[in-house]
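S.K.: Here is a sequence with its predicted model. Questions after.
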Amino acid sequence: LATLQQVHFVKKNPKITASRELSFWAYQLGALEGALEGALEGAPIFTKHSESLEFLASLGFPVNPEVRVVQGIDEVYEFCRTTEERRHDLGYEIDGVVVKVDDLQIQQRLGFTARAPRWAIAYKFPPEQRSTKLIAIKVSIGKSGRATPFAVLEPVAVGGSTVQMATLHNQDQLAQKTFVQVIL
């Protein structure tokens with residue numbers, strides 16, 4: 001997001017963004033303007049989400065090679081399970097799988113809630129946990145004067161990020177943590 005903000009929101013230096021090796025996968029086709037009105041001669045009319053992904057790939061858009069069409073809930077569970085097992089071998093970070101109804105007419109009938117489509121659901125993997133060394137406990141004073149303790153940690157890689165600090169505001173969670181060694 002910071003890279004996108006560099007170009008689109010802050011209008012800083014596009015050369016910085018160009019120097020970063022960005023990539024993306026097309027996961028959904030929003031609309032083909034004019035296709036339904038006949039303005040795009042020969043424009044495809046899709047009945048399946050998977051067909052739209054094949055179309056995007058045929059136009060040269062990168063589509064994630066891990067996308068699969070499965071039949072039934074057992075195959076959905078199996079795909080989620082095997083993807084979770086393989087997640088560290090993919091070459092990019094993921095925290096779950098999005099499962100979508102492939103049939104576009106069924107998608108349309110299911111519709112949306114105020115926040116999300118009813119025809120798609122995110123299956124999140126359990127969070128990654130790593131051990132590290134607690135270097136110090138410090139206190140941050142907020143604008144309202146509220147004191148919030150936080151931990152300064154030896155840097156550790158977790159889910160594509162380097163974690164160096166953690167809030168200690170939840171005493172119940174803190175009590176559940178295991179401290180192997182305390183050095184005073």
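M.R.: That came through fine.
S.K.: what sits up against stretch 155-169?
M.R.: Residues from elsewhere that reach stretch 155-169 (C-beta atoms under 8 Å, 6 or more residues apart in numbering): 93, 95, 127-132, 137, 148-154, 174. Every residue, glycine included, has its C-beta placed from N, CA and C.
S.K.: Return it as CSV; C-alpha atoms alone will do.
M.R.: Extracted in CSV, the C-alpha atoms of stretch 155-169 (Å, rounded to 0.1, in the frame of the first residue of the first chain):
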residue,chain,number,x,y,z
PRO,A,155,13.3,-8.6,15.7
VAL,A,156,11.6,-11.7,14.4
ALA,A,157,10.0,-12.5,11.0
VAL,A,158,6.3,-13.3,11.2
GLY,A,159,4.0,-13.5,8.2
GLY,A,160,6.1,-11.4,5.9
SER,A,161,6.7,-8.7,8.5
THR,A,162,9.5,-8.0,11.0
VAL,A,163,8.0,-7.6,14.5
GLN,A,164,10.1,-5.6,17.0
MET,A,165,7.3,-4.3,19.3
ALA,A,166,4.1,-5.6,20.7
THR,A,167,1.4,-4.0,22.9
LEU,A,168,0.9,-5.4,26.3
HIS,A,169,-2.5,-3.8,26.9
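S.K.: Enumerate the positions of that stretch that are buried.
M.R.: A166, L168 (16 or more other C-beta atoms under 10 Å).
S.K.: Please apply the same query to stretch 137-154.
M.R.: A151, L153.
S.K.: Start and end of it, how far apart?
M.R.: One end of stretch 137-154 sits 12 Å from the other (C-alpha to C-alpha, to the nearest Å).
S.K.: Now do stretch 106-118: distance to the chain's middle.
M.R.: How far stretch 106-118 lies from its chain's middle: 20 Å, per C-alpha atoms, centre = their mean, to the nearest Å.
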